[in-house]
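**Q** Whatever this is, show me its structure:
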Amino acid sequence: MKKKIAIIMGGYSSEYKISLKSGNVVYQYLDADKYDRYRVHIFKDRWVYVDAQNQETPIDRNDFSVIIDDEKITFDCVFNAIHGTPGEDGHMQAYFELLHIPHTSCGMYQAALTFNKRDCLSVLKPYGIKTAESYYLNLGDAIDENAIISKVGLPCFVKANKAGSSFGVTKVHKKEHLQDAIDIAFKEDDEIIIEAFLDGTEVSIGVISYKGETKVLPITEIVSENDFFDYEAKYLGKSQEITPARISEEMTKKASAVAKKAYDVLKMSGFSRSEFIFQGGEPYMLEMNTIPGFTAESILPQQAQAAGISLPELFGNAIEEALTPNPSPKERRG
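**A** Numbering: from 1, shown residues only. Prediction:
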């Protein structure tokens with residue numbers, strides 16, 4: 001009997017349109033001969049199953065079930081394609097874990113931690129993972145522009161702490177533009193992180209749990225036509241994403257090892273995509289995303305295909321990994 005798979009998409013954040021695209025690609029490529037696929041939209045005002053005619057049927061949130069043609073449907077596994085809250089920040093993970101429903105994303109704690117850029121980098125730093133000099137602000141804090149610039153210099157990046165797809169991110173070149181950038185970041189989150197500008201090659205590294213092992217995918221080099229890898233560069237074709245990256249074998253080995261170390265240190269499962277910038281031949285980590293884009297053009301699927309993993313294989317493996325009890329970090333080899 002085929003497993004019933006709910007593909008959740010949408011979400012409560014600015015990233016919901018991107019999530020809908022990702023979720024529909026998963027729906028399209030997940031093997032229909034092996035799985036019964038159900039699209040589920042998660043929005044603040046409704047959780048609904050969406051059929052082939054785009055008709056909506058409410059989800060019962062008590063047990064995450066749905067009534068279709070007078071039959072109650074429960075799901076064997078959930079494929080999580082929600083970027084941002086509540087799919088990437090631990091909320092949905094906690095919900096499914098309480099209901100004992102397997103899901104393709106990492107655990108609740110790992111999701112909450114990695115979604116918080118400041119906390120994630122703070123946890124990884126003692127393990128020797130390099131990060132940019134940074135300055136933290138919470139909404140309501142006094143803003144001392146001189147102290148900020150003294151610590152991180154100019155240019156610098158002002159980022160919403162808990163947001164994705166480069167929402168709430170500004171590159172600041174002059175002191176007089178700093179306050180505007182802070183205001184933009186606070187529209188996305190009540191915590192922000194201000195980081196020193198690292199001038200070097202930017203790379204993105206996918207790490208996944210694949211057939212029971214931690215697998216580092218081929219590295220992608222990011223070359224943005226804009227001032228940095230912003231929303232336009234990511235989604236509107238204003239960048240080149242070159243896989244494999246045009247970096248030396250030594251840099252490739254070093255960056256791959258750091259990305260795998262971060263994955264293992266955090267006891268991750270499922271998907272991850274981490275961003276790094278090289279400075280002096282060393283990779284500096286910017287962030288880790290645990291629900292990366294899943295469209296054919298997205299970085300992690302590009303990397304998987306470069307590794308010889310098709311989209312049906314990538315998505316099907318995520319389901320099978322979720323349905324298999326996770327090995328401990330000591331047992332996992334890769």
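**Q** contacts, neighbours, all on C-alpha from now
**A** OK.
**Q** Would you mark the buried spots in whatever helix or strand E250 lives in?
**A** Counting by DSSP states H and E, the element that carries E250 is helix 249-265. For helix 249-265, burial by neighbour count (16 or more other CA atoms under 10 Å) applies to M251, T252, A255, S256, V258, A259, K260, K261, A262, Y263, D264.
**Q** Give me the distance between the last one and D51.
**A** What it means is D264. To D51, D264 is 38 Å away according to CA to CA, to the nearest Å.
**Q** Going by distance to S19, which of the buried residues of helix 249-265 wins?
**A** Y263 (22.9 Å; CA to CA).
**Q** For the residue nearest to the closest one when sequence neighbours are not counted, what is the enclosing helix or strand?
**A** Computed as CA to CA, 6 or more residues apart in numbering, the closest residue to Y263 that is not its neighbour in sequence is V207, at 7.2 Å. Of the helices and strands defined by DSSP H and E, V207 is found in strand 202-210.
**Q** which stretches of the stretch 1-150 of the chain form helices?
**A** Taking DSSP state H, counting those that start in this stretch as the test, the helices found in the stretch 1-150 of the chain are 16-29, 91-98, 108-115, 117-124, 145-152.
**Q** among those helices, which is nearest E282?
**A** Closest to E282 of the helices of the stretch 1-150 of the chain is helix 117-124 (CA to CA; 15.5 Å).
**Q** relative orientation of the closest one and helix 249-265 in degrees?
**A** Angle of helix 117-124 versus helix 249-265, following axes from the mean of the first three to the mean of the last three CA atoms, to 10 degrees, is 100 degrees.
**Q** Name the residues that touch helix 117-124?
**A** By CA atoms under 8 Å, 6 or more residues apart in numbering, the residues outside helix 117-124 that reach it are 113-114, 131, 136, 161-162, 193, 262, 265, 285-288.
**Q** Which residue ranges make up the domains of the chain?
**A** Structural domains of the chain, as assigned by automatic domain parsing, span the residue ranges 3-104, 113-129+199-323, 133-196.
**Q** circling back: quick one, the helix holding E250 and strand 202-210 angle?
**A** Angle between the axes of helix 249-265 and strand 202-210 is 50 degrees (criterion: the same axes, to 10 degrees).
**Q** Downstream of helix 249-265, the next helix or strand is which one?
**A** Per DSSP H and E, helix 249-265 leads on to strand 271-279 as the next helix or strand towards the C-terminus.
**Q** Okay, now the sheet partners of the next helix or strand after that following strand, with direction.
**A** Once the chain leaves strand 271-279, the next helix or strand it forms, by DSSP H and E, is strand 282-289. Strand 282-289 sits in its sheet next to strand 130-131 (parallel), strand 271-279 (antiparallel), going by DSSP bridges.
**Q** So which of those strands is the most surrounded?
**A** With neighbours taken as mean count of other CA atoms under 10 Å, the strands paired with strand 282-289 reach their highest mean count in strand 271-279, at a mean of 21.
**Q** Other residues contacting that one?
**A** Against strand 271-279 from outside (CA under 8 Å, 6+ apart): 104-106, 198-209, 255, 259, 263, 283-292, 300.
**Q** Mind giving me the PyMOL command for buried ones among the residues you listed?
**A** Of the contacts of strand 271-279, the buried ones go into a single PyMOL selection, burial set by 16+ other CA under 10 Å:
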select buried, resi 104+105+106+198+201+202+203+204+205+206+207+208+209+255+259+263+283+284+285+286+287+288+289+290+291+292+300
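**Q** just to revisit the earlier point, redo the domains of the chain as CSV? Include mean pLDDT.
**A** Below are those laid out as CSV (pLDDT from 0 to 100):
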stretch, mean pLDDT
domain 3-104, 97
domain 113-129+199-323, 91
domain 133-196, 92
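**Q** still on that earlier bit, can you tell which of the strands paired with strand 282-289 is closest to G168?
**A** Comparing these by CA to CA, strand 271-279 comes nearest, at 17.0 Å.
**Q** re earlier: got the helices of the stretch 1-150 of the chain as JSON lines, with distance to E241 and mean neighbour count columns?
**A** Listed next are the helices of the stretch 1-150 of the chain as JSON lines, based on distance: least, CA to CA, whole Å; neighbours: other CA atoms under 10 Å:
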{"stretch": "helix 16-29", "distance to E241": "18", "mean neighbour count": "21"}
{"stretch": "helix 91-98", "distance to E241": "30", "mean neighbour count": "17"}
{"stretch": "helix 108-115", "distance to E241": "23", "mean neighbour count": "22"}
{"stretch": "helix 117-124", "distance to E241": "23", "mean neighbour count": "18"}
{"stretch": "helix 145-152", "distance to E241": "28", "mean neighbour count": "14"}
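**Q** and E313, which of those is closest to it?
**A** helix 16-29 (8.9 Å).
**Q** I'd like the distance from P283 to E275, if you could.
**A** To E275, P283 is 9 Å away according to CA to CA.
**Q** Correction: the previous question concerned E188.
**A** E188 is 20 Å from E275, by CA to CA.
**Q** The stretch 51-200 of the chain: strands as residue ranges?
**A** For the stretch 51-200 of the chain, applying DSSP state E, counting those that start in this stretch gives strands covering 56-58, 66-68, 71-73, 77-80, 130-131, 134-138, 156-160, 169-172, 191-196.
**Q** hmm, who's touching the third one?
**A** Right, strand 71-73. The contact list for strand 71-73 (CA under 8 Å, 6+ apart) reads S65, V66, I67.
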